[in-house]
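Asker: Sequence first, then the predicted structure:
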Amino acid sequence: MQRYLAVYLGSSEAPAFEQWRAMPEAARSKRERSGMQAWMQWAERHAASIVVAGGPLGKTKRVDANGPADAKNAMCGYVVVEAESHAAAARLFEDHPHFSVFPGQAVEVMQCLPLPEEVGARKKPATATPRSARRRNPAKRSAAG
């Protein structure tokens, strides 16, 4: 099984979002409730494939050689799934409520690749606690001193 990052895309400037905003409040509220129910049903159907439940994404900062700056993109949420193939991972999102009920535009699915071996080999193993937070063994210190 391979892991895939699925990114939910949507723009407040898209025609579907304009139609969403133009809906009467009661109709939009009803559609939101049915959409959340459909989303939860989708998650239950694919629970065995979902590795990281993910969630919505907030505002974006872009960092480049000039430093951080506000940025705008179409990413509005994410989830990580496992599947036998890229095509199988993509099929999990066919008719997803993100765009079949809500005004989302698409879901992009990309494989999460492993680090190259030479980078992974140099990587230090993670520790449970930072060195500064570890308790020192006073018996070792007095035996050494």
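Answerer: That came through, no problem.
Asker: Now do residue 138, the pLDDT please.
Answerer: Here, the pLDDT recorded for residue 138 equals 43.
Asker: any idea how far residue 85 is from residue 95?
Answerer: Summarising the geometry, the distance separating residue 85 from residue 95, computed by CB to CB, to the nearest Å, is 19 Å. No exception for glycine: its C-beta is placed from N, CA and C like everyone else's.
Asker: swap in residue 67?
Answerer: 42 Å.
Asker: ditto for residue 11
Answerer: Using CB to CB, residue 11 is found at 20 Å from residue 95.
Asker: The two: which is more packed in?
Answerer: residue 11 (15 against 10; other CB atoms under 10 Å).
Asker: out of everything not next to it in sequence, what's closest to the spatially most central residue of the chain?
Answerer: Central residue of the chain (CA atoms, centre = their mean): residue 78, 2.7 Å from the mean position. By the measure of CB to CB, 6 or more residues apart in numbering, the closest residue to residue 78 outside its immediate chain neighbours is residue 54, 4.2 Å from it.
Asker: Can you give me every residue that contacts the one you found?
Answerer: Residues counted as contacts of residue 54 (CB atoms under 8 Å, 6 or more residues apart in numbering) are 6, 77, 78, 79, 80.
Asker: Identify the farthest-apart pair in these.
Answerer: For these, the farthest-apart pair by CB to CB is 77 and 80; their separation is 11.8 Å.
Asker: longest helix in this structure, by residue count?
Answerer: Among the elements of type helix in the chain, defined by DSSP state H, the one spanning the most residues is helix 25-45.
Asker: right, and the helix or strand after it?
Answerer: strand 50-56 (DSSP states H and E).
Asker: Alpha carbons only: can I get that next one in CSV?
Answerer: Extracted as CSV, the C-alpha positions of strand 50-56 are listed here (Å, rounded to 0.1, in the frame of the first residue of the first chain):
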residue,chain,number,x,y,z
ILE,A,50,-7.8,7.0,5.6
VAL,A,51,-4.4,7.3,7.3
VAL,A,52,-4.6,11.0,8.4
ALA,A,53,-8.1,12.5,8.7
GLY,A,54,-6.7,15.9,7.7
GLY,A,55,-9.1,18.9,7.8
PRO,A,56,-9.6,22.4,6.5
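Asker: Nothing else from me, thank you.
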